[in-house]
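> Next comes the sequence, and after it the predicted model I'd like to discuss.
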Amino acid sequence: MPPKFDPNEIKIVHLRAVGGEVGATSTLAPKIGPLGLSPKKVGDDIAKATKDWKGLRVTVKLTIQNRQAQIDVVPSASSLIIKELKEPPRDRKKVKHVKHAGNLSMEQIISIARIMRPRSMARYLSGTVKEILGTCQSVGCTVEGSHPHDKIDEINEGTLEIPAE
């Protein structure tokens, strides 16, 4: 028989969920069922916590202690960029392969980089800004009317100044 579950122990579970939607409880059950939590209740809590991210896939961090789940949204760079583009929420089942043709300012990119800074492997904020610009390139949006890679080249040459922190 497995060892008895310690109620004061803190367990952390990471999940990918679509913002604002109740995920399939069948995917939650094997992860949180053994911890003594109801998958349906946790699914509803996740949907409530991610309603600002409607239609976007975000990583959710569940911190479980004393059979209580605390939910934190851990946004990825791409979901932050798409949220910053202020696109209308789309129906995942009907609309596939969306092209995110928008334009972001350099201030928006730097603010996203500041949010992502703790999870970035770069030594300086300029490196994190370059990571975000690379994600902009993948998402398909432009930065101040030009291709994101042109901005990366400007940072490398030193013509575009990025604040220290």
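Good, I have the coordinates.

> buried ones in the longest helix seen in the chain?
Counting by DSSP state H, the longest helix found in the chain is helix 125-139. Judged by neighbour count using 16 or more other CB atoms under 10 Å, the buried positions of helix 125-139 are 125, 126, 128, 129, 130, 131, 132, 133, 135, 136, 137, 139. C-betas here are computed from N, CA, C, even on glycine.

> Pull up the gap between residue 35 and residue 10, please.
11 Å (CB to CB, to the nearest Å).

> Looking at those two, which one has more neighbours?
Using other CB atoms under 10 Å, the more surrounded residue of residue 35 and residue 10 is residue 35, with 17 against 10.

> For this structure, which residue occupies the most central location?
residue 75 (1.9 Å; CA atoms, centre = their mean).

> which phi and psi does it have?
phi -70, psi 150 (degrees, to the nearest 10).

> contacting residues around it?
Residue 75 sits next to 53, 58, 59, 83, 115 when contact means CB atoms under 8 Å, 6 or more residues apart in numbering.

> One more: residue 134?
148, 152.

> how about the CA coordinates for stretch 30-43, as CSV?
What follows is stretch 30-43, C-alpha atoms only, in CSV (Å, rounded to 0.1, in the frame of the first residue of the first chain):
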residue,chain,number,x,y,z
PRO,A,30,-5.3,11.3,-12.5
LYS,A,31,-3.2,14.4,-11.5
ILE,A,32,-5.2,15.7,-8.5
GLY,A,33,-7.5,12.8,-7.6
PRO,A,34,-4.9,11.0,-5.5
LEU,A,35,-4.4,14.3,-3.6
GLY,A,36,-8.0,14.2,-2.4
LEU,A,37,-9.4,17.0,-4.5
SER,A,38,-12.5,17.0,-6.6
PRO,A,39,-11.5,17.4,-10.3
LYS,A,40,-14.8,19.1,-11.2
LYS,A,41,-14.4,21.7,-8.5
VAL,A,42,-10.8,22.4,-9.4
GLY,A,43,-11.8,22.6,-13.1
